[in-house]
Every structure is written in C-alpha cells, then in structure tokens.
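Visitor: Sequence unavailable; structure follows:
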C-alpha cells in the first residue's frame with residue numbers, strides 16, 4: 001500500500017509537528033522502508049518528503065534513494081501532493097480571467113500567465129504557432145501587469161477589446177513593433193480581474209512570466225518557467241509540429 005491511514009493533525013508525532021511549526025502543511029503518512037515512517041508535506045507550493053526514524057525521535061527531510069539510486073520519495077509525493085495540488089491549480093486557472101488563443105475544439109489546453117510587455121511570453125507565443133494554427137492546442141493567456149509601468153493598462157486594453165483574441169493576435173504578432181495602447185481609465189471590473197490574476201500568480205509561487213501550465217503524459221499538471229527549449233516545447237505541446 002502506498003498510503004497509511006490519514007491522521008489528524010493533533011496525532012502527528014512531535015518531530016513532524018516541529019516541521020509543521022516551521023510552515024509545512026502535513027498532508028498524509030505513507031509507508032517507507034527500513035523502519036521509517038514517511039510523511040508527505042507541502043512547503044511553499046512544493047512537495048516535501050519527511051521520514052520519521054524508528055524511535056520516533058527524529059525526522060529526516062528530503063529524498064530517499066535505494067541501492068539503485070531510485071528516488072523512493074517521488075511516487076508518494078506525486079500521489080499525495082502533486083496530483084491533488086495540480087487539480088486545485090487547474091481549477092483556479094480555469095476560473096481565472098484569460099484570453100483564448102486558438103480553437104475552442106483544440107484537444108489540448110495550455111495556460112500561460114503572461115504580461116503584455118514580456119518578450120519571453122511573445123517568444124513562446126511564436127513557438128506555439130504551428131500547434132495553435134493546426135487546431136491542436138489552445139493557449140489561454142492569464143494576463144497580469146507587473147513588468148513595466150504601463151503593463152496593467154496594456155493588459156486592461158486587451159481584456160477591454162471587442163475581439164479579445166484578435167487584439168491579442170495583433171499585439172503578439174507585431175512583437176516589439178506592437179502599437180497596443182494602454183487604457184487611460186481602467187474599469188473597476190477589469191482591474192479586479194487583473195488583481196485576481198496577479199494574486200493567483202503569487203499563490204502559485206510564480207515570480208516571473210511566462211509561467212506555462214500544461215498536462216504531462218499522465219494528465220498531471222506541470223509548470224514551465226520561461227520560454228522552453230525545443231525539446232521541452234514538444235513535451236508542453238504534446239507532440240511535434
């Protein structure tokens with residue numbers, strides 16, 4: 001069995017409580033070898049494996065490797081931390097304010113937190129064209145304004161456009177030559193949407209754009225920070241162009 005019965009927080013052993021007191025969220029206990037008790041935790045949005053020693057007096061934090069060098073911590077962390085976390089993050093991305101780029105019938109959906117002034121966001125937009133134009137991928141741009149003084153106003157202008165997708169395409173295809181003008185007066189509703197997107201970015205532990213969220217071969221949500229290398233690009237898009 002991968003997991004052991006779920007314990008209530010007050011039942012955690014003292015060394016595990018000590019890690020919890022440092023800011024970790026203890027998720028669940030899992031079976032571990034050699035007399036150890038494993039605990040899956042989340043800290044700053046990342047999965048962390050804890051191993052309680054047989055005497056119950058000490059805790060080891062980090063990966064547990066076997067004689068073959070295999071990481072025994074990854075499977076329980078994927079199951080107990082990253083899988084539910086990915087579902088939670090995907091749900092929040094779906095409910096955020098975004099502009100669709102590509103066919104609504106595309107079988108693959110990719111979210112990108114982007115700033116209108118971000119050159120690497122524009123780079124990824126260009127990288128994605130073969131898949132988007134073929135109808136295989138829809139990019140969903142979760143707009144934020146953070147890089148420059150006029151980023152918020154430009155993001156607001158895109159959200160305020162009558163045809164958001166066309167406005168986004170015109171802006172991104174022009175690159176540095178874009179003539180996008182920011183709104184001088186941002187409607188309250190759009191400002192709230194941008195604030196919410198920025199809060200979501202912070203909540204997800206993202207500090208720069210683009211932040212790209214895509215499903216891996218198992219359907220688990222993965223994150224790519226920055227414009228990807230060609231080999232990583234194929235993983236994100238799910239196939240070669």
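Guide: Thanks, I have it. Note that the structure is predicted; figures quoted are calculated from it, not measured. Numbering: from 1, shown residues only.
Visitor: What helices and strands are in contact with the longest helix seen in the chain?
Guide: Longest helix of the chain, by residue count under DSSP state H: helix 188-203. The helices and strands touching helix 188-203, judged by 3 or more C-beta pairs under 8 Å, 6 or more residues apart in numbering; DSSP states H and E, are helix 83-95, strand 108-114, strand 137-143, helix 151-160. C-beta coordinates here come from the backbone N, C-alpha and C atoms, glycine included.
Visitor: where does residue 42 land in three-state SS?
Guide: strand (DSSP: H, G, I helix; E, B strand; the rest coil).
Visitor: Now it. Nearest residue, chain neighbours left out?
Guide: Of all residues not flanking residue 42 in the chain, residue 25 sits nearest, at 4.6 Å (C-beta to C-beta, 6 or more residues apart in numbering).
Visitor: host element of the residue of the chain most remote from its centre?
Guide: Within the chain, the residue lying farthest from the chain centre (C-alpha atoms, centre = their mean) is residue 55, at 37.9 Å. Secondary structure assignment for residue 55, by DSSP states H and E: no helix or strand.
Visitor: low pLDDT regions in the protein?
Guide: 1-10, 241 (pLDDT under 70).
Visitor: So it: which segments form each domain?
Guide: Annotated domains of the chain cover 1-67, 96-237 [automatic domain parsing].
Visitor: gap between the nearest residue to residue 35 once chain neighbours are set aside and residue 40?
Guide: Using C-beta to C-beta, 6+ apart and skipping residues adjacent in sequence, the residue nearest residue 35 is residue 54, 3.7 Å away. Counting by C-beta to C-beta, to the nearest Å, the separation of residue 54 from residue 40 is 19 Å.
Visitor: next one: residue 73
Guide: Following C-beta to C-beta, the distance that separates residue 73 from residue 40 is 9 Å.
Visitor: Determine the residues that are contacts of both of the two.
Guide: Shared contacts of residue 73 and residue 40 (C-beta atoms under 8 Å, 6 or more residues apart in numbering): residue 49.
Visitor: and those two? which has more neighbours close in?
Guide: More crowded of residue 73 and residue 40, by other C-beta atoms under 10 Å: residue 40, with 24 against 21.
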